[in-house]
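S.K.: I'd like to go over a predicted model; first the sequence, then the structure.
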Amino acid sequence: MLWLLRTVGFGLLSACSALPTAELATNTKPSAVLTAAPLYNVSFNSVLALPVKNQDMKLAYGKAALQFGLLSLPVTKVSTKPPLVIFVHGGCWLNAYDIGHSKALSQALTEAGYAVWSLEYRRVGDEGGGWPGSFDDIVQGVHYAQAQFEQYGVDVNRIALMGHSAGGQLALLAGEKLAGDKKAAQIQAVIGLAAITDMASYAKGSNSCQSATAQFIGASPEKAPELYQQASPSPDKIHPKTLLLQGSADQIVPTTQATDSGMPYRMVEKAGHFDWIHPQSAAYSQLILTLQEFVPL
């Protein structure tokens, strides 16, 4: 199975820029942005500048103001129910970065034929945010989708749980927890995009996101090693179909978070941290191919 391969410099990935839209599933209508020349190592501001249509539904999965998600449904009607992507946005676990920067990704995924449940959650700086409150929100949001989304014409038996950066850490952990759930079969894949997998080693770094790790956990690795272990996805406990997607040019999450994780991963050469949420990037093309491999339309 391809999802079991650990590949560095895998030929398909290094040639992502050459992937034609014809290689996408024939029953898919790719976003128009995929026809442009693919981008590499894009900036956060370029993601924020992407146009969005705001055609999603805001639904509360909990009582707190930030316990909500945005449900986006494919515009094009097909004979079968669309599978669901549950997406957890990143942002160093800080409330300075909200769900807004993931809207362009959600829009592109719905144009490709997927339903998307993009989760907002309490973060550092919010009452109840941090560890483990942020994680508890994600699990609650997933349970809400499993119980409620059939009424929206979504195939709740074909779900991909996916997160970016700090959201990748939360998604991977949620995949672990839900693997033993009575509805575990509904989650068909867990995908970490530039995901943080080793919290203790990440906290030792010096960039602004790495420095926020101790704020999220509430202590340094030296003072609370057990908490860092709890918050780090374990290769022995992960969902059986877990895959990390990592860019070789990522300056925020080191490639070692994938290569040393003990989890299956794929490396996209020249891809930066924010490429995964920019629909004009080569990394996004690989993301679509991975989704269609694990949860076909």
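M.R.: Great, that's in hand. Residues are numbered from 1 along each chain as shown.

S.K.: pretty sure residue 38 contacts residue 279?
M.R.: No: using CB atoms under 8 Å, residue 38 makes no contact with residue 279, being 10.1 Å away. From N, CA and C alone the C-beta is placed, and that goes for glycine too.

S.K.: between the two, which is the more surrounded one?
M.R.: Neighbour count, other CB atoms under 10 Å: between residue 38 and residue 279, residue 279 has more, with 24 against 21.

S.K.: to which secondary structure element is the nearest residue to the more buried one once chain neighbours are set aside assigned?
M.R.: Of all residues not flanking residue 279 in the chain, residue 108 sits nearest, at 3.7 Å (CB to CB, 6 or more residues apart in numbering). Per DSSP states H and E: residue 108 is located in helix 103-111.

S.K.: next: residue 209.
M.R.: helix 208-211.

S.K.: what's the first helix or strand after that helix?
M.R.: helix 213-217.

S.K.: so what's the residue nearest the centre of the chain bridging to?
M.R.: Centroid-nearest residue in the chain: residue 163, 1.9 Å away (criterion: CA atoms, centre = their mean). Beta-bridge pairing of residue 163 under DSSP bridges involves residue 88, residue 192.

S.K.: what ranges do the strands span in the stretch 1-150 of the chain?
M.R.: Taking DSSP state E, counting those that start in this stretch, the strands of the stretch 1-150 of the chain run over residues 57-60, 68-72, 83-88, 115-119.

S.K.: I'd like those as CSV, with mean neighbour count appended.
M.R.: What follows is those, written out as CSV (neighbours: other CB atoms under 10 Å):
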stretch, mean neighbour count
strand 57-60, 13
strand 68-72, 23
strand 83-88, 28
strand 115-119, 27
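
S.K.: redo those as JSON lines? Include distance to residue 263.
M.R.: Output for the strands of the stretch 1-150 of the chain, formatted as JSON lines (distance: least, CB to CB, whole Å):
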{"stretch": "strand 57-60", "distance to residue 263": "31"}
{"stretch": "strand 68-72", "distance to residue 263": "26"}
{"stretch": "strand 83-88", "distance to residue 263": "17"}
{"stretch": "strand 115-119", "distance to residue 263": "22"}
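
S.K.: to residue 249, which of these lies closest?
M.R.: Minimum separation from residue 249 across those (CB to CB) falls at strand 83-88, 22.6 Å.

S.K.: what average pLDDT does stretch 41-53 get?
M.R.: When pLDDT is averaged over stretch 41-53, the result is 96.

S.K.: so how far is the first residue of it from its last?
M.R.: End-to-end distance of stretch 41-53: 25 Å, with CA to CA, to the nearest Å as the criterion.

S.K.: one step back: neighbours of the residue nearest to residue 279, how many?
M.R.: 25.

S.K.: same thing with residue 56?
M.R.: Counted with other CB under 10 Å, residue 56 comes out at 20.

S.K.: the stretch 151-297 of the chain: strands as residue ranges?
M.R.: For the stretch 151-297 of the chain, applying DSSP E, counting those that start in this stretch gives strands covering 155-164, 187-193, 242-247, 265-268.

S.K.: would you mind putting these into JSON lines with mean pLDDT and distance to residue 199 alongside?
M.R.: Listed next are the strands of the stretch 151-297 of the chain as JSON lines, based on pLDDT from 0 to 100; distance: least, CB to CB, whole Å:
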{"stretch": "strand 155-164", "mean pLDDT": "97", "distance to residue 199": "14"}
{"stretch": "strand 187-193", "mean pLDDT": "97", "distance to residue 199": "13"}
{"stretch": "strand 242-247", "mean pLDDT": "98", "distance to residue 199": "15"}
{"stretch": "strand 265-268", "mean pLDDT": "97", "distance to residue 199": "17"}
